[in-house]
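J.: generate coordinates for the sequence data below:
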Amino acid sequence: MRKHNFAFIDMEMTGLNVLKHEIIEIGCVVTTPELKIIEEFELKIKPEHIENADKISLKINQYKEEDWEFGYGLEEALKIFSEKVKGCIMVGQNVTFDAVFLEHALTKLNLPNTLHYHRLDTISIAWAKLHKDPDLDHFSLREMCKRFGIENKNPHHALSDAQATYELYKKLMSL
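T.: Numbers count the residues shown, from 1 in each chain. Okay, the predicted model is just below:
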């Protein structure tokens with residue numbers, strides 16, 4: 001694992017149900033194993049079935065149709081994403097949630113998952129290092145950023161959350 005780059009990933013979806021809802025945004029910070037940033041990118045993905053979207057989810061991630069006017073189709077976005085993160089270890093805040101949506105989309109389109117098979121979850125790392133702290137009730141990205149003084153300029157936007165996750169990982173690893 002030491003030789004693999006990291007891909008700090010966050011995704012925004014139209015809801016919480018992988019069978020019904022869609023990925024509409026992918027944000028990623030690709031780093032070396034030493035955590036030097038190689039690339040940052042964001043992909044907006046035009047939803048195919050916005051009528052199935054959860055209205056609360058759309059409000060949280062501030063979806064506006066005009067902002068996605070020039071978005072990618074899912075297949076094109078996933079091909080771009082897959083090329084950029086090839087061989088990387090996926091790192092995320094509640095990484096399994098995003099990984100399930102990603103794997104479902106890739107399988108649906110018969111595309112390979114080019115990420116390394118290992119994943120790192122900042123919630124799990126935070127829990128392991130901080131669970132005995134009586135002042136800490138939640139391990140959400142918002143709460144972790146607040147605790148460590150990390151500015152998340154646009155919460156619930158994929159790239160901003162991926163950048164905050166990268167900063168959180170660095171803080172957690174220094175404890």
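J.: now do the strands in the protein.
T.: 6-13, 23-31, 37-44, 89-92, 119-121 (DSSP state E).
J.: could these be laid out in CSV, adding distance to residue 129 and mean neighbour count?
T.: Quick note: C-beta positions are derived from backbone N, CA and C, even for glycine. Listed next are these as CSV, based on distance: least, Cβ to Cβ, whole Å; neighbours: other Cβ atoms under 10 Å:
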stretch, distance to residue 129, mean neighbour count
strand 6-13, 18, 26
strand 23-31, 20, 24
strand 37-44, 23, 16
strand 89-92, 15, 23
strand 119-121, 13, 17
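J.: OK, contacts around the nearest residue to residue 111 once chain neighbours are set aside?
T.: Nearest-residue entry for residue 111: residue 78, 5.7 Å, with adjacent residues in sequence omitted and distances by Cβ to Cβ, 6 or more residues apart in numbering. Neighbour list for residue 78: 105-106, 109, 111 [criterion: Cβ atoms under 8 Å, 6 or more residues apart in numbering].
J.: try it again at 10 Å.
T.: 23, 26, 43, 45, 72, 102, 105-106, 108-109, 111, 113-114 (Cβ atoms under 10 Å, 6 or more residues apart in numbering).
J.: mind checking how far it is from residue 149?
T.: Residue 78 is 35 Å from residue 149, where distance means Cβ to Cβ, to the nearest Å.
J.: hey, which helix is longest across this protein?
T.: helix 158-173 (DSSP state H).
J.: helices or strands up against that helix?
T.: For helix 158-173, the packing partners by 3 or more Cβ pairs under 10 Å, 6 or more residues apart in numbering; DSSP states H and E come out as strand 6-13, strand 23-31, strand 37-44, strand 89-92, helix 95-108, strand 119-121, helix 122-130, helix 141-148.
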